[in-house]
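Colleague: fold the following and give me the result.
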Amino acid sequence: GVQLQVVHGRAPYVLENLPEPDVVRIGGGGVPVVSACADRRPERIVTHASTRDEAEAIGRALAEGGYAVECALLQSVELDTDAWSERDRSVVFLLSGVQERREASR
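Modeller: You can find the predicted model right below:
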């Protein structure tokens, strides 16, 4: 089975009473939160960034923590069907880090 635990609070303090997680999904907070979570050594960390600079900084933090990093750029475009023209485009970078030593053993 899968055990899911959702927590809210400031990292690293919110992590102190949690068991060692296998996967952590970070909803925000940038590099400080990613680094605090990486210190707990989960197998995988998944997060997002709204700018390329933020994605690069988070990617570096994951790599420095011993994670192999993948990043995907997702774009959302609203299509105005009356005029068939694009409106409001949003961009998000989706990052996934996998512990390199676990990745190598697979």
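Colleague: spatially central residue in this structure, please.
Modeller: With the centre of the chain defined as its mean C-alpha position, the nearest residue by C-alpha atoms, centre = their mean is T47, 1.3 Å away.
Colleague: that one contacts V31, correct?
Modeller: No - here T47 lies out of contact with V31, judged by C-beta atoms under 8 Å, at a distance of 10.0 Å. Heads up, the C-betas are built off the backbone N, CA and C, glycines and all.
Colleague: give me the common contacts of these two.
Modeller: Common contact partners of T47 and V31 (C-beta atoms under 8 Å, 6 or more residues apart in numbering): I58.
Colleague: what ranges do the strands span in the protein?
Modeller: 23-25, 44-49, 67-80, 85-99 (DSSP state E).
Colleague: buried ones in the shortest one, by neighbour count?
Modeller: Read it as strand 23-25. Neighbour-count burial for strand 23-25, with 16 or more other C-beta atoms under 10 Å as criterion, is recorded at V24.
Colleague: hmm, who's touching it?
Modeller: In this structure, residues lying in contact with strand 23-25 by C-beta under 8 Å, 6+ apart are 37, 40, 42-47.
Colleague: pairing partners for that strand, with directions?
Modeller: Applying DSSP bridges to the sheet, strand 23-25 is found paired with strand 44-49 (parallel).
Colleague: quick check: longest helix of this structure.
Modeller: Ranked by residue count and defined by DSSP state H, the top helix of the chain is helix 52-64.
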